[in-house]
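> Pasting the sequence and the predicted model now:
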Amino acid sequence: MTRVLFTQLASTGVFIIIIIGFLMRRQPKRHIPIMITAFILDLGLVLFIETGRNAIDQAIKFPSGLLGVHIVLAILTLVLYMWMIFTGYRTYLGQPTKKIHKNLGMIFLACRFSNLIT
């Protein structure tokens, strides 16, 4: 299996985990560990890609076309992960962030899916 095929399959697998977590959103005892697992796996995938393709160097040069779109989506997805964890934790604690978490979640899903297909 090539490195590129592995990353594509792994990315698809992580997205499936995210969808499962999304479907469990009303069950916090399941939703939270599933989404944290997806984040850890996705972060590991980014590190794996960086070690093989020097992705950060490519991102700094900011290529045009589809790769440029992919890089923007990947960075936005990582930023949204941080916001999702922050607002999700505050929601779990009972603070009034559920609506923000829900809205960011929809944006996150759109970005992560767009990242998957680019």
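Everything's here; your move.
> number of nearby residues for residue 88?
Counted by other CB atoms under 10 Å, the residues lying close to residue 88 total 22. Where C-beta positions appear, they are placed from N, C-alpha and C, glycine not excepted.
> go on, residue 98?
Neighbour number of residue 98 under other CB under 10 Å is 14.
> For it, which residues are in contact?
Going by CB atoms under 8 Å, 6 or more residues apart in numbering, residue 98 touches residue 91.
> Surely residue 20 and residue 34 touch.
Yes - using CB atoms under 8 Å as the test, residue 20 is close enough to residue 34 to be in contact (5.9 Å).
> who has more neighbours, the two?
Taking neighbours as other CB under 10 Å, residue 20 and residue 34 compare with residue 34 leading, 19 against 15.
> Now the more buried one: closest residue in space, sequence neighbours ignored.
residue 21 (3.7 Å; CB to CB, 6 or more residues apart in numbering).
> Check which helix or strand the one you found maps to.
Counting by DSSP states H and E, the element that carries residue 21 is helix 3-23.
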